[in-house]
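*Asks:* output the structure for:
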Amino acid sequence: LEADHFERLAFKRPVAKVLLAHYPPAGKDELSCGSHTDCGFLTLVCQDSDGANGLQVQRQDGTWLAVKSGRYTPVANLGDLAQRWTNDTFRSSRHRVLNVLARPRQSVVFFNNMDEHAEVECLPTCISGDRPAKYARTTCGNYVATRMQEMRTLPQEEES
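*Replies:* From the prediction side, this is the model:
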């Protein structure tokens with residue numbers, strides 16, 4: 001791929017969002033934020049203090065790893081669109097937040113998505129005869145809107 005491939009394809013007018021997140025202490029058998037992947041391209045998380053252990057990333061074996069970071073050191077999570085682009089060469093980071101501190105935690109979360117109309121399909125360099133494309137073509141806007149709607153909709157068994 002050419003050095004400016006992604007810039008030309010999808011980052012002329014990217015959609016970005018900043019979220020100020022507040023996580024109260026988790027109660028017994030509770031999470032501060034449930035397990036999920038981010039639907040966009042890349043997320044940067046800045047935690048409120050050195051050694052904050054609230055963010056956890058799921059390992060491939062299903063166990064959880066506490067992510068330690070410094071106050072001025074952002075943590076990067078790849079999102080679903082990066083996974084789709086790379087045909088699972090790079091995976092979207094399944095993560096959750098478990099605030100075990102006796103005080104609330106704060107984080108600043110920066111969601112960096114592509115241009116709304118940018119087409120997302122498996123890159124030719126990530127496809128082969130042994131490794132066909134796993135994902136259909138979509139746009140950033142359509143994929144993110146669909147995922148956001150899914151997050152807001154209760155499953156059938158929970159609606160009553």
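
*Asks:* show me where this structure has helices.
*Replies:* Ranges of helices in the chain, per DSSP state H, are 5-10, 80-85, 140-152.

*Asks:* so what's the gap between the longest one and the chain middle?
*Replies:* Using CA atoms, centre = their mean, to the nearest Å, we find the averaged C-alpha position of helix 140-152 to lie 13 Å away from the chain's own average C-alpha position.

*Asks:* residues near the nearest residue to residue 81 once chain neighbours are set aside, how many?
*Replies:* Nearest residue to residue 81 in three dimensions, chain neighbours excluded: residue 41, at 4.5 Å (CB to CB, 6 or more residues apart in numbering). The C-beta positions use only the backbone N, C-alpha and C, and glycine is treated the same way. As a burial measure, residue 41 scores 28 neighbours (other CB atoms under 10 Å).

*Asks:* list the residues that contact residue 41.
*Replies:* 10, 78-79, 81-82, 112-114, 140 (CB atoms under 8 Å, 6 or more residues apart in numbering).

*Asks:* which of the residues you listed are buried? Put it as a ChimeraX command.
*Replies:* Applying 16 or more other CB atoms under 10 Å to those leaves a buried subset, and the ChimeraX line that selects it is:
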select :10,78,79,81,82,112,113,114,140
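
*Asks:* mind putting the contacts of residue 41 into CSV with distance to residue 34?
*Replies:* Below are the contacts of residue 41 laid out as CSV (distance: CB to CB, whole Å):
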residue, distance to residue 34
10, 29
78, 19
79, 17
81, 21
82, 21
112, 22
113, 21
114, 26
140, 24
